[in-house]
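> how does the following fold in three dimensions:
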Amino acid sequence: MFHKARRRLTLLFTTVCCIILTVMTFLYLYLSTRNLLDNEFTSFESNVSSYVTNFESRTVISYDWLAKLENSQQYRLFLYDNNSPFLYNTIAQDQAYTELAANLLQLYDNQLKEYAVNHPFSSYHLDFAYQSKEGLNYYIGIGRIPRSNGFLTLVVLYPLDNIYHQLHRLYLQSAGIIIAT
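You can find the predicted model right below:
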């Protein structure tokens, strides 16, 4: 009789511990995912702001400087002078990214124009998360810098593939821990 009760209590204790471990793991995964994405977005906003400031102060924009700027953060940069694309956009970029940047610029052009009416001499940028029709996730930054002969528009794409690969590995490791228990 005591052996039967002991087995049942052991089974109950083991089940409760597994449930607690599973709930804690899911909570950890949720918080880790949220933290990672929030930190990445905050960093992205800061970088876009820095880019806009850099472009404000530059009078000459070279291919090498753009390539170095782009490679340092895994971002895709697209420049438009009075809504005409720079040659850099077609030379250095994948066609799919180029089309996405042009579509986003068209989509958010009214917001940019509305802000320009209210603040004609100041630079500004919009930063937001975006999911393409194919299901790919991006952080997008669109900045507009007034110039003497019009404006320079900067579109920054940050594909989140690497971040989601990190999260996928984290999920798999956590699943392994849950299954092992």
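
> middle-most residue in this structure, spatially?
Nearest to the mean C-alpha position of the chain, by Cα atoms, centre = their mean, lies Tyr139 at 3.2 Å.

> please, which helix or strand holds that one?
strand 137-147 (DSSP states H and E).

> sheet-wise, list the partners of that strand with their directions.
Next to strand 137-147 in the sheet, as set by DSSP bridges, lie strand 124-131 (antiparallel), strand 150-159 (antiparallel).

> tell me which of those strands is the most buried.
Across the strands paired with strand 137-147, averaging neighbours per residue (mean count of other Cβ atoms under 10 Å) puts strand 150-159 on top, at a mean of 21. (Glycine included, C-beta is placed from N, CA and C.)

> that one: what's the following helix or strand?
Next along from strand 150-159, by DSSP H and E: helix 161-180.

> and Arg144, how far from Leu105?
10 Å (Cβ to Cβ, to the nearest Å).

> neighbour count for those two, which is higher?
Arg144 (24 against 19; other Cβ atoms under 10 Å).

> quick one: contacts for the more buried one?
By Cβ atoms under 8 Å, 6 or more residues apart in numbering, the contact set of Arg144 is 112, 115-116, 123-125, 151-154.

> give me that answer again for 7 Å
112, 116, 123-124, 151, 153 (Cβ atoms under 7 Å, 6 or more residues apart in numbering).

> of these, closest to Asp94?
Set against Asp94, the nearest of the contacts of Arg144 by Cβ to Cβ is Thr153 (19.5 Å).

> which residues outside the helix or strand bottoming out on mean pLDDT in the chain are in contact with it?
In the chain, no helix or strand scores lower on mean pLDDT, DSSP states H and E than helix 87-91, which sits at a mean of 71. The contact list for helix 87-91 (Cβ under 7 Å, 6+ apart) reads 63, 66, 78-79, 98.
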